[in-house]
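Peer 1: fold the following and give me the result.
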Amino acid sequence: MEKLKDILSLFKSGRVEMDEVLDHLRKLPYEDLAFARIDHHRTLRRGFPEVVFGETKSAEQIIAIVQSMEEFGTGVLVTRVHEKKAAQVMEHFPRMIHHDQARALSLSRSTLEDPRGLVGVLCAGSSDIPVAEEAAVTVEFMGCRVKKYFDVGVAGLHRLLDLWEELQDCHVFVVAAGMEGALPSVVGGLVNRPVIALPTSVGYGASFGGIAALLGMLNSCAPGVSVVNIDNGFGAGYLAAMIARWADASPGRLGG
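Peer 2: The predicted structure follows:
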């Protein structure tokens with residue numbers, strides 16, 4: 001969207017020709033790469049560009065998608081990229097950042113220069129960090145500030161209670177937990193902000209790959225707790241950033 005604004009401004013001042021403007025507009029609403037149709041119009045509709053799920057894509061496919069998005073002038077976030085694939089992609093894009101714990105790649109965008117809203121990202125144990133980091137990277141990519149509170153699970157509840165005053169500064173929370181998934185309910189009982197519960201696939205056999213945590217979070221007795229899918233750090237971060245940006249632009253609406 002920034003590049004579109006730049007081109008229109010340059011055209012208005014007479015510094016670019018109509019053909020260049022039309023060439024850019026031809027890529028709206030999407031660009032067909034045969035194996036993918038890049039939704040360049042998404043930034044105009046929703047305020048944020050399309051995000052690339054990299055787990056099942058080859059390095060070559062990711063490179064082609066990133067190239068298309070970069071040429072169009074949008075930021076790029078690629079999720080679920082293992083280390084070898086990330087290295088292959090980064091060879092083509094020197095400015096790209098590898099978030100190794102989050103298993104993500106990003107190219108910065110202009111909104112990061114003036115972040116809005118504050119999201120608290122918490123996780124119960126150190127094993128939940130990769131999913132929590134995916135949420136945090138997504139939040140930052142979408143132009144919000146993040147505070148991270150890791151390893152504050154209910155097995156040592158005093159670790160969380162010591163943070164009570166600091167937690168009150170956040171507009172919204174992402175709370176990741178595996179095992180029985182109790183942490184989001186506890187956080188929901190301590191704050192007057194929305195809590196996004198993020199179940200992880202961490203735990204022994206009876207956790208059923210995160211299903212136990214998912215069901216526990218869905219049955220939370222704390223009001224104001226919503227739930228995303230298992231290990232969906234991106235989805236939790238995206239929703240949290242939308243809430244935080246709105247809350248920051250609308251002071252007082254979520255209570256003091």
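Peer 1: measure stretch 191-206 end to end?
Peer 2: 30 Å (Cα to Cα, to the nearest Å).
Peer 1: give the contact list for the nearest residue to S201 once chain neighbours are set aside.
Peer 2: Leaving aside its chain neighbours, S201 sits nearest to G210 (3.8 Å; criterion: Cβ to Cβ, 6 or more residues apart in numbering). From N, CA and C alone the C-beta is placed, and that goes for glycine too. Applying Cβ atoms under 8 Å, 6 or more residues apart in numbering, one finds that G210 lies in contact with G178, P199, T200, S201, V202, G203, I230, D231.
Peer 1: wait, doesn't the fifth one sit right on S126?
Peer 2: No. Using Cβ atoms under 8 Å, V202 makes no contact with S126, being 9.6 Å away.
Peer 1: sorry, back to before: torsion angles phi and psi at the residue nearest to S201?
Peer 2: When read as degrees, to the nearest 10, the backbone of G210 gives phi 100, psi -10.
Peer 1: so how far is I63 from it?
Peer 2: Between G210 and I63 the distance is 32 Å, computed by Cβ to Cβ, to the nearest Å.
Peer 1: swap in H171?
Peer 2: 36 Å.
Peer 1: more neighbours, V202 and S126?
Peer 2: Set V202 next to S126 and count neighbours by other Cβ atoms under 10 Å: V202 wins out with 24 against 12.
Peer 1: ranges for the helices of the stretch 101-250 of the chain?
Peer 2: 129-141, 158-161, 164-167, 183-188, 211-218, 233-249 (DSSP state H, counting those that start in this stretch).
Peer 1: and the average pLDDT for the third one is what?
Peer 2: Looking back up the chat, that one is helix 164-167. The average pLDDT for helix 164-167 rounds to 94.
Peer 1: next one: that helix to chain centre, how far?
Peer 2: 23 Å (Cα atoms, centre = their mean, to the nearest Å).
Peer 1: please apply the same query to the fourth one.
Peer 2: Helix 183-188 sits 21 Å away from the centroid of its parent chain (Cα atoms, centre = their mean).
Peer 1: list the buried ones in that helix?
Peer 2: Across helix 183-188, burial judged by 16 or more other Cβ atoms under 10 Å covers L183, P184, S185, V186, V187, G188.
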